[in-house]
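S.K.: pasted the sequence and its predicted model underneath.
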Amino acid sequence: MSSEELLPKINEILDRAKQLGFTMSCDTETGQLLRVLAGSKRKGDFLELGTGAGLSTLWLLDGMDAASRLISIEMDESIQHIARTCIHDARVEFISMDGGMFIEENKSKKFDLIFADTWPGKFYLLEETLAMVKPGGYYIIDDLRPIETWPDDHREKVQSLVSTMRNLEDFYVVELNCSTGLILATRK
């Protein structure tokens, strides 16, 4: 998709998300990183935990080749509806269900890239989700920088997650102090 085609789609998704009061779409830096990583995996199998309104979905699709496939999971059907109606691409399968249930039911599947942008696969079922990453595959999480709207106990959850990620033995891990705070891990 050219920049001239991508920008109107981004704006459409952001406008519709704003109308529903959804403000958690990925930012441009995260999106661009997702696009680059997706572009490095030809004929890739991708998993997005947390479609939201579909902005990160759009960035992933923009980097994917024609033979790649993306499964995008979202529990909130009203928010995912934005993605379903704005993104018309046969390479993506939208599934409306709890991400934890998806992980539990699909533990045997392997992916070249997993973007965990919701609680399941990030704050719980982390070990199961990491086991779904193929050798040489990527696991990406965002939203690790503190913000004012975090509940009191959330900072501790993030610190625990970051500590766990730092100590993974079967992944190379880098913390990226950009965007909303990212960790990128690659299975050895």
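M.R.: Now that the structure is in, tell me what you want to look at. Everything numeric in this text was worked out from a predicted model, so none of it was measured.
S.K.: only C-alpha atoms for contact and neighbour calcs from this point on.
M.R.: Will do.
S.K.: same for the longest helix anywhere in the chain, what does it pack against?
M.R.: When the chain is parsed with DSSP state H, its longest helix is helix 3-19. When contacts are defined as 3 or more C-alpha pairs under 8 Å, 6 or more residues apart in numbering; DSSP states H and E, helix 3-19 sits against helix 55-63, helix 77-86.
S.K.: next structured bit after the shortest one?
M.R.: Going down the chain from helix 55-63, the next helix or strand is strand 69-74, by DSSP states H and E.
S.K.: any chance of the helices and strands packed on helix 3-19 in TSV, plus mean pLDDT?
M.R.: As requested, the helices and strands packed on helix 3-19 are exported to TSV (pLDDT from 0 to 100):
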stretch	mean pLDDT
helix 55-63	97
helix 77-86	96
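S.K.: for residue 184, which of the ones you listed is the nearest?
M.R.: Between residue 184 and the helices and strands packed on helix 3-19, the shortest gap by C-alpha to C-alpha is with helix 55-63, which sits at 15.0 Å.
S.K.: residues in contact with the closest one?
M.R.: Helix 55-63 has contacts (C-alpha atoms under 8 Å, 6 or more residues apart in numbering) with 1, 10, 13-14, 25-26, 30-32, 34-39, 48, 51, 70, 72, 83, 87, 91-92.
S.K.: swap the cut-off to 7 Å and go again
M.R.: If you take C-alpha atoms under 7 Å, 6 or more residues apart in numbering as the criterion, helix 55-63 is touched by 1, 10, 13, 25-26, 31-32, 34-36, 38-39, 51.
S.K.: from the residues you listed, which two are the most distant?
M.R.: 13 and 39 (22.1 Å).
S.K.: neighbour count for the two, which is higher?
M.R.: A side-by-side neighbour count of residue 13 and residue 39, using other C-alpha atoms under 10 Å, places residue 13 first with 22 against 18.
S.K.: mind listing the strands in this protein by residue range?
M.R.: Secondary structure of the chain (DSSP state E): strands located at 45-49, 69-74, 92-96, 111-116, 133-141, 171-176, 182-187.
S.K.: okay, those in JSON lines with mean pLDDT and mean neighbour count next?
M.R.: Shown next, in JSON lines, are the strands of the chain (pLDDT from 0 to 100; neighbours: other C-alpha atoms under 10 Å):
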{"stretch": "strand 45-49", "mean pLDDT": "98", "mean neighbour count": "25"}
{"stretch": "strand 69-74", "mean pLDDT": "98", "mean neighbour count": "23"}
{"stretch": "strand 92-96", "mean pLDDT": "98", "mean neighbour count": "18"}
{"stretch": "strand 111-116", "mean pLDDT": "98", "mean neighbour count": "25"}
{"stretch": "strand 133-141", "mean pLDDT": "98", "mean neighbour count": "21"}
{"stretch": "strand 171-176", "mean pLDDT": "97", "mean neighbour count": "16"}
{"stretch": "strand 182-187", "mean pLDDT": "98", "mean neighbour count": "20"}
